[in-house]
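Enquirer: Return a 3D structure for these sequence lines:
(one chain, ligands or ions: 1)
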Amino acid sequence: MSADLVIEGLVKWFGDTAAVDGIDLRVRPGEFLTLLGPSGCGKTTTLRCVAGLELPSAGEISFRGRVFAAPGRAVFVPPDKRRIGMVFQSYALWPHMTVRANVGYPLKMAKVPRAEIRDRVHEMLGRVGLAERADEMAVSLSGGQQQRVALARAMASRPELLLFDEPLSNLDAKLRYQLRDEIRSLHDQLGTTSVYVTHDQEEAMALSDRIVVMNAGRIEQVGPPRELYSQPRNAFVADFMGYQNILPGVVAEVRGDGHLVRVDGSTLTVAVPGVPPGPAGTATSVAFRASAVRLDPPADGPAAALAARVLRSTYLGRSLNLLVEVAGVRLRTQLDEEALGRVGPELPGPGDELTVHLPARAVVPLAPVAEAAPAAVG
Ligand SMILES: Nc1ncnc2c1ncn2[C@@H]1O[C@H](COP(=O)(O)OP(=O)(O)OP(=O)(O)O)[C@@H](O)[C@H]1O
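Expert: Alright, predicted model coming up:
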């Protein structure tokens with residue numbers, strides 16, 4: 001695979017905390033790659049190491065064959081020599097400058113000729129829809145507009161690599177959707193390589209060619225959005241990708257077309273497609289979405305019919321969320337409008353008995369979450 005950005009064995013210690021604990025990553029030319037994970041998993045620190053705002057403790061970072069940082073060989077290229085553009089959560093505009101001056105300032109520092117600065121600033125402000133506001137003070141704009149100025153500024157110096165650190169977190173939901181589409185289309189128009197940090201799974205899905213799910217300074221899984229969504233590797237990724245049912249159990253039976261998993265502490269068995277992780281008795285886990293559980297048996301494949309008792313029922317208009325108990329196990333189910341139409345006017349409520357169906361193809365087998373290595377400070 002040809003790669004633009006190559007990160008090898010990246011480690012970053014803060015005191016005795018390994019914020020980044022051995023990351024290997026190759027970002028392809030023109031790719032939009034997102035680091036996704038909960039607060040504190042090390043995604044910002046990874047991005048800041050790429051930007052040159054942090055000095056790695058170990059490992060190497062290079063871009064298009066040029067080494068940016070290699071502490072083992074005492075190589076460190078300062079941020080302003082890396083040809084990167086960066087957009088932060090906080091906009092980081094210069095408040096005493098106009099919009100035009102904010103976008104043009106880094107070009108002025110780079111000694112770009114004045115006429116060219118004017119043209120590039122005009123072009124970039126046009127791209128983010130702010131050409132009319134060029135002479136206003138940056139702070140007089142709304143949050144969404146200020147972030148557009150920050151985007152224009154990051155792109156004006158024609159960076160080879162764009163880095164984004166949660167740029168939409170301070171904006172309301174509607175603006176977030178709008179700006180994330182604009183960010184992706186600017187990335188496509190300019191043909192840069194982009195690395196984006198977020199803790200928002202949907203934002204990562206909407207923007208990215210590939211997503212890197214991080215946990216405790218390490219990578220749990222890398223893949224295109226659809227792969228992570230439909231084939232999470234372990235319980236951490238499944239939970240992060242919105243699987244509401246994650247059940248530990250053991251392999252109960254191996255079959256030709258899959259296997260059966262018996263859920264821990266219950267007689268409930270779940271049919272799972274694919275090769276089991278080991279013979280009967282092997283510990284494993286399965287995951288499925290609340291929306292995978294149905295009231296009617298599916299016509300297109302095997303499904304387990306489960307006798308369920310409703311514990312809680314939450315009506316949300318376009319769906320009904322039920323917490324049900326099946327053989328002592330609590331499962332989350334979500335019935336959509338179509339299924340509700342078939343239940344009749346009375347919605348299921350606490351104490352009601354139902355038969356629900358779990359299609360085997362909706363059940364994902366999970367590998368164990370890798371144990372974090374014990375912290376060892378040299
Ligand atoms: N400058 C610093 N000094 C000390 N510890 C730090 C520093 N920066 C980050 N850390 C620690 O490193 C770990 C990873 O932080 P990092 O900011 O990279 O995570 P993150 O996934 O980006 O989280 P968030 O979304 O909250 O920014 C955390 O435990 C954090 O407290």
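
Enquirer: The ligand contacts on this structure?
Expert: Taking Cβ under 6 Å from any ligand atom as the contact definition, the chain meets the ligand at 14, 17, 19, 37, 39-45, 199. (Each C-beta comes from the backbone N, C-alpha and C, glycine too.)

Enquirer: at 5 Å what do you get?
Expert: 14, 19, 39-45 (Cβ under 5 Å from any ligand atom).

Enquirer: out of those, who's nearest residue 2?
Expert: Minimum distance to residue 2 across the residues of the chain next to the ligand is 24.2 Å, recorded for residue 43 (Cβ to Cβ).

Enquirer: What degree of burial does the closest one show, as a neighbour count?
Expert: By other Cβ atoms under 10 Å, 28 other residues sit near residue 43.

Enquirer: how many other residues sit next to the residue of the stretch 101-250 of the chain found nearest the ligand?
Expert: Taking Cβ to the nearest ligand atom, the ligand has its nearest neighbour within the stretch 101-250 of the chain at residue 199, 5.3 Å off. Using other Cβ under 10 Å, residue 199 is surrounded by 18 other residues.

Enquirer: What of residue 85?
Expert: Residue 85 has 25 nearby residues by other Cβ under 10 Å.

Enquirer: and if you look at residue 223?
Expert: 17.

Enquirer: need the contact list for it.
Expert: Listed by Cβ atoms under 8 Å, 6 or more residues apart in numbering, the contact set of residue 223 reads 210-211, 231.

Enquirer: if we go to 7 Å?
Expert: For residue 223, the contact set (Cβ atoms under 7 Å, 6 or more residues apart in numbering) comprises 210-211.

Enquirer: Quick check: pLDDT value at it.
Expert: Among the per-residue scores, residue 223 holds a pLDDT of 97.

Enquirer: what bridges to it?
Expert: residue 211 (DSSP bridges).

Enquirer: isn't there a helix covering residue 21?
Expert: No - secondary structure of residue 21 (DSSP: H, G, I helix; E, B strand; the rest coil): strand, not part of a helix.

Enquirer: That one reaches residue 217, doesn't it?
Expert: Yes - counting by Cβ atoms under 7 Å, residue 217 is a contact partner of residue 21 at 3.3 Å.

Enquirer: out of those two, which sits in the more crowded spot?
Expert: residue 217 (26 against 20).

Enquirer: What are the phi and psi values at that one?
Expert: phi 80, psi 0 (degrees, to the nearest 10).

Enquirer: gap between it and residue 175?
Expert: Note on residue 217: its distance to residue 175, by Cβ to Cβ, to the nearest Å, is 32 Å.

Enquirer: With residue 128 instead?
Expert: 13 Å.

Enquirer: ok, the two, which is more surrounded?
Expert: More crowded of residue 128 and residue 175, by other Cβ under 10 Å: residue 128, with 23 against 17.

Enquirer: if we can go back for a sec, now do the contacts for the residue of the stretch 101-250 of the chain closest to the ligand.
Expert: 36-39.

Enquirer: Pull the residues that contact the top strand by length along the chain.
Expert: Secondary structure of the chain read by DSSP state E shows that its longest strand is strand 303-315. Contact partners of strand 303-315, identified using Cβ under 7 Å, 6+ apart, comprise 270-271, 297, 320-326, 330, 347-360.

Enquirer: make it 8 Å
Expert: 268-271, 294, 297, 320-327, 330-331, 333, 347-360.

Enquirer: Could you check the pLDDT of residue 370?
Expert: Note on residue 370: pLDDT of 66.

Enquirer: same question but for residue 377, I mixed them up
Expert: In this model, residue 377 is scored at 38, pLDDT.

Enquirer: The residue lying closest to residue 265 once chain neighbours are set aside - how many residues pack around it?
Expert: Nearest non-adjacent residue to residue 265, counting by Cβ to Cβ, 6 or more residues apart in numbering: residue 328, 6.6 Å away. When neighbours are defined as other Cβ under 10 Å, residue 328 has 10 of them.
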